[in-house]
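1. give me the fold of what follows.
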Amino acid sequence: MSDSSPLPPVRLHAEAELARDALSTPLLSRAARLARWAGPDTRVDAGGGLVDEQLPAAAEVLGLSGDDAAAYASEAWRVAVDTGLVEITDEGKGTVAAGADLAVLTGGSPHDVLQVWLGALEAVLADASVPDLGGVVDAMAEGGEVDLSSLDFDPEAEAEFLDGVLGNLYLLTVSEDGPGEGPVPLPALAASVLVPGDMAEPSNDVLEQVSDAMVRLDDQFRLLEPIGLVEYRPVDEALLTESGDAADDAAAPGDDMDVTRYGLVRLTPLGLYGLRTRLLEAGFDVPAVGELADKGADALLDGTAGFGPAAAQAETEQWLARREPLAAARELLAAARGSDPGAPLRRLRCQQALSLVGADAEPALREVLDDAELGGLARVWLTEHGARDVPAPSEAMVFWLTIDTVAAQLAAEGNSEELRGLVEGLARQHSGFFSTAWRVGHPATADVLEAMGRLHPDKKIAKEARKAAFKARSQHGG
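-> Next comes the predicted model:
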């Protein structure tokens, strides 16, 4: 995932709601309970962990039982220490006291609470990047020899791999053509990181890497679920005991395969907030819907230029909600003017924004009827809203608006099927379109005609478009 271009905008829940979610996550709530339980008799070892003798009492406080109770209590304690809910007062004696951040969980602002949760998330992510060393520890306890080089463990590589997986999960979640709030199959997520984009069919070696990654990710997502980052349906335990072909089948699934058995993961609203924060800190451009609501119309039209339709509408609705319709329409129209390369897309976004404004905006549209750049879209708006006495556009205005519209679609969608259909329709409806279009005094005329020649499937018509593009460039000295 490149950090050079903006990611799709994310729709975040309100901080108050996210803070409530954070406080209710199993791991942070357990950490807070242990921080309140700790007292003068609580003792920690040299690493800050609870001494073994006190783990049963800690597990009892948390209402935990069973073979894993002590491990869960130990994990919650480590989070309490790492986030400042507990402070070690004397390392030599191993004594502790309540940390300053413990009071934040009950008396702090939602933003402050989320900062504590982010600290807990970082601690869990660090743990998730470390492999299970249980077998190594057991061997060392029994006095056996351990070849550490055979572990093949690179902490930086492991953390980078997990960051890449989470980055792709974020991208899949916020993309308008992705699963949205739905879950992502674990095989597909692993493959999105490991299978090269130019590889039509994954090789056996790549499939084996995907299979190995799925096993690692299954363990990691089990660790990340209690902190509220994800909702996770683990890999079916039966699959882990089946032949090695099972994981390979998941890496290259067939139509009749039940992918739910191979794990499903979904980012929670809190997880979206957490990953966006981490991506921002890593230098990515990670917009959020609503960030433009208090900015000018120029920022709105430019800022939503790269948004998908749903996100652009959501952002625009928030922007309009803070303004009177007539004033908003005038501001949008003023910001839509220009002859720079980004102007056609600004006018398209302006037209889309104005479609959300009611009849109160009519005076603003009538004010620009004679404007060379805005008169066409003003007539469209007035006609669609049933206004009376709308003057017919001149042929020159119709052609200028057509070039402007196609230029905007090119900027927004590239060579999409929708644009191809628009191009075919224009050539079909206007038999002499190209003989007139090349004369249109629009900065994008030549580029639009060139694109029409590239997109139209009829070779004869495509050739006419290219000839018209050449004439347009010659006319403007290009």
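2. element containing residue 283, please.
-> With elements taken from DSSP states H and E, nothing contains residue 283; it lies in neither a helix nor a strand.
3. neighbours of it, how many?
-> Residue neighbour count, defined by other CB atoms under 10 Å, stands at 9 for residue 283. Backbone N, C-alpha and C define where each C-beta goes, glycine included.
4. local confidence estimate at it?
-> In this model, residue 283 is scored at 94, pLDDT.
5. distance from stretch 347-355 to the middle of the chain?
-> The chain centroid and the centroid of stretch 347-355 are separated by 24 Å under CA atoms, centre = their mean, to the nearest Å.
6. list the buried residues in that stretch.
-> Residues of stretch 347-355 classed as buried: 347, 348, 349, 350, 351, 352, 353, 354 (neighbour count, 16 or more other CB atoms under 10 Å).
7. pLDDT of it, averaged?
-> Stretch 347-355 carries an average pLDDT of 96.
8. quick one: contacts of that stretch?
-> Stretch 347-355 is contacted from outside by 297, 300-301, 304-305, 312-313, 316, 319-320, 329, 332-333, 335-336, 361, 365, 373-374, 377, 380-381, 384, 404-405, 408-409, 412, using CB atoms under 8 Å, 6 or more residues apart in numbering.
9. between the buried residues of stretch 347-355, which sits nearest residue 463?
-> Nearest to residue 463 among these is residue 348, at 28.5 Å by CB to CB.
10. which sections of this protein are below the confidence cut-off?
-> Low-confidence segments of the chain, defined by pLDDT under 70: 1-4, 132-153, 240-257, 476-478.
11. quick one: the strands in it?
-> Using DSSP state E, the strands of the chain run over 86-90, 95-98, 184-185, 230-233, 264-267.
12. got those as JSON lines, with distance to residue 466 and mean neighbour count columns?
-> Output for the strands of the chain, formatted as JSON lines (distance: least, CB to CB, whole Å; neighbours: other CB atoms under 10 Å):
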{"stretch": "strand 86-90", "distance to residue 466": "72", "mean neighbour count": "16"}
{"stretch": "strand 95-98", "distance to residue 466": "75", "mean neighbour count": "18"}
{"stretch": "strand 184-185", "distance to residue 466": "43", "mean neighbour count": "20"}
{"stretch": "strand 230-233", "distance to residue 466": "51", "mean neighbour count": "19"}
{"stretch": "strand 264-267", "distance to residue 466": "46", "mean neighbour count": "22"}
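13. the ones you listed into a markdown table, with extra columns for distance to residue 20?
-> Listed next are the strands of the chain as a markdown table, based on distance: least, CB to CB, whole Å:
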| stretch | distance to residue 20 |
| --- | --- |
| strand 86-90 | 23 |
| strand 95-98 | 22 |
| strand 184-185 | 25 |
| strand 230-233 | 17 |
| strand 264-267 | 18 |
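14. right, and those strands - which one's nearest residue 459?
-> Nearest to residue 459, of all the strands of the chain, is strand 184-185, at 42.7 Å by CB to CB.
15. give the other helices and strands that that closest one contacts.
-> Here strand 184-185 touches helix 155-174, strand 264-267, going by 3 or more CB pairs under 8 Å, 6 or more residues apart in numbering; DSSP states H and E.
16. and of those, who's closest to residue 469?
-> For the helices and strands packed on strand 184-185, the distance to residue 469 is smallest for helix 155-174, at 35.8 Å, taking CB to CB.
17. out of the strands of the chain, which gets nearest to residue 30?
-> Between the strands of the chain, strand 86-90 lies closest to residue 30; by CB to CB that is 12.4 Å.
18. who touches the closest one?
-> Strand 86-90 has contacts (CB under 8 Å, 6+ apart) with 34-35, 38, 44, 48, 77, 80-81, 94-100, 102.
19. same check, this time on stretch 458-474
-> The contact list for stretch 458-474, computed with CB under 8 Å, 6+ apart, reads 427, 434-435, 437-440, 445-447, 449-450, 452-454, 456, 478.
20. quick one: residues contacting the residue nearest to residue 22 when sequence neighbours are not counted.
-> Among residues not flanking residue 22 along the chain, residue 117 sits closest, at 3.8 Å (CB to CB, 6 or more residues apart in numbering). By CB under 8 Å, 6+ apart, the contact list for residue 117 reads 19, 22, 25, 28, 227, 228, 270, 274.
21. quick check: residue 117 vs residue 165, distance?
-> For residue 117, the distance to residue 165 equals 21 Å [CB to CB, to the nearest Å].
22. equivalent analysis for residue 280, please.
-> For residue 280, the distance to residue 165 equals 19 Å [CB to CB].
23. between those two, which is the more surrounded one?
-> Between residue 280 and residue 165, counted using other CB under 10 Å, the more crowded position is residue 165 (22 against 12).
24. what's near enough to touch the more buried one?
-> 189, 190, 193, 213, 217.
25. for residue 301, same thing?
-> Counting by CB under 8 Å, 6+ apart, residue 301 has contacts 332, 335, 336, 346, 349, 350, 353.
26. and those residues as TSV, adding distance to residue 88?
-> TSV is the format used below for those (distance: CB to CB, whole Å):
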residue	distance to residue 88
332	58
335	56
336	60
346	57
349	55
350	59
353	56
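27. which ones among these map onto helices?
-> Among those, the ones falling in helices (DSSP state H) are 332, 335, 336, 346, 349, 350, 353.
28. I figured residue 181 was touching residue 268, is that so?
-> No. Between residue 181 and residue 268 there is no contact under CB atoms under 8 Å: 9.4 Å.
29. these two - which one has more neighbours?
-> A direct count of neighbours by other CB under 10 Å for residue 181 and residue 268 places residue 268 higher, at 19 against 12.
30. how close does that one sit to residue 288?
-> As judged by CB to CB, residue 268 and residue 288 stand 16 Å apart.
31. over to residue 319?
-> Plainly put, residue 319 is 14 Å away from residue 288 if you go by CB to CB.
32. touching both of these two, which residues are there?
-> Common neighbours of residue 319 and residue 288 (criterion: CB under 8 Å, 6+ apart): none identified.
33. would you map the helices across the stretch 151-300 of the chain?
-> Applying DSSP state H, counting those that start in this stretch to the stretch 151-300 of the chain gives helices spanning 155-174, 186-194, 204-224, 237-241, 245-251, 269-281, 297-303.
34. residue 109 is nearest to which of these?
-> Shortest distance between residue 109 and these, using CB to CB, is found for helix 269-281: 14.9 Å.
35. in that closest one, which residues are buried?
-> Here helix 269-281 shows 269, 270, 271, 272, 273, 274, 275, 276, 278, 279 as buried, counting by 16+ other CB under 10 Å.
36. same question, stretch 326-339
-> Of the residues in stretch 326-339, 328, 329, 330, 331, 332, 333, 335, 336, 337 count as buried by neighbour count, 16+ other CB under 10 Å.
37. make TSV from the residues you listed and add distance to residue 233 to it.
-> Listed next are the buried residues of stretch 326-339 as TSV, based on distance: CB to CB, whole Å:
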residue	distance to residue 233
328	45
329	48
330	52
331	48
332	45
333	50
335	47
336	47
337	52
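38. show me what contacts the closest residue to residue 358 other than its chain neighbours?
-> Leaving out its chain neighbours, the residue that sits closest to residue 358 by CB to CB, 6+ apart is residue 325, at 5.8 Å. Taking CB under 8 Å, 6+ apart as the contact definition, residue 325 lies against 357, 358, 360, 361.
39. same deal with residue 186?
-> Residues near residue 186 by CB under 8 Å, 6+ apart: 214, 217, 218, 221, 235, 250, 262, 263, 264, 265.
40. also residue 196?
-> Taking CB under 8 Å, 6+ apart, we find residue 196 in contact with residue 206.
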